[in-house]
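> A predicted structure for the sequence below; I have some questions about it.
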Amino acid sequence: MVLDGEGHLLLWEPEGVVEHPVRPGSVVARPPGTGVAHAFRAGDEPLSLLMYGTREPHDICFYPRSGRVALSGLGMIARIERSFEAWDDED
């Protein structure tokens, strides 16, 4: 929920990043398992958000801007490469 300020919700859809304006009172609900990453970008002023969610012990979170993946169950953060060339020698 946006408490103060204005900005944009960014959704990494298959066709590219889609932006939606947000302002005080905007509510965003992101169901799990959609494969669509999201982020918020503030406008000219700071953006205050109230965020909550579950803390599943084996949750996986993808950070598309950095290419990192957090594997909660393993306590690891790793960087993902989109190329499959590294697998060419695996038979």
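Alright, I've got the coordinates. Numbering: from 1, shown residues only.

> okay, CA-based contacts and neighbour counts for the rest of this
Will do.

> strand partners (parallel or antiparallel) of the lowest-mean-pLDDT helix or strand in the chain?
Least confident helix or strand of the chain, by mean pLDDT, DSSP states H and E, is strand 60-63 with a mean of 80. Strand 60-63 pairs in its sheet with strand 68-71 (antiparallel), by DSSP bridges.

> what mean pLDDT does the next helix or strand after the partner strand have?
Of the helices and strands lying after strand 68-71 in sequence (DSSP states H and E), the nearest is strand 76-79. Mean per-residue pLDDT for strand 76-79: 85.

> distance of G35 relative to E6?
Going from G35 to E6 by Cα to Cα, to the nearest Å gives 26 Å.

> so which of these two has more stuff around it?
Neighbour comparison, G35 and E6: the larger count goes to E6, with 21 against 12 (by other Cα atoms under 10 Å).

> nearest residue to that one in space, please, no chain neighbours.
Take E6 and drop its neighbours on the chain: the residue closest to it by Cα to Cα, 6 or more residues apart in numbering is R23, 4.5 Å away.

> my read: the one you found touches F40, true?
No. Proximity of R23 to F40 does not meet the contact threshold set by Cα atoms under 8 Å, at 11.3 Å.

> the closest residue to M76 other than its chain neighbours: neighbouring residues, count only.
Distances taken as Cα to Cα, 6+ apart place A70 nearest to M76, at 5.9 Å, with adjacent residues excluded. Other residues lying near A70 total 17 when counted by other Cα under 10 Å.

> pLDDT value on A70, please?
Per-residue confidence at A70 stands at 87 (pLDDT).

> same question, G5
96.

> in contact with the residue lying closest to H58 once chain neighbours are set aside, which residues?
Nearest residue to H58, sequence neighbours excluded (Cα to Cα, 6+ apart): G73, at 4.1 Å. Neighbouring residues of G73 by Cα atoms under 8 Å, 6 or more residues apart in numbering: P57, H58, D59.

> measure G73 to L9 for me?
Distance from G73 to L9, by Cα to Cα: 28 Å.
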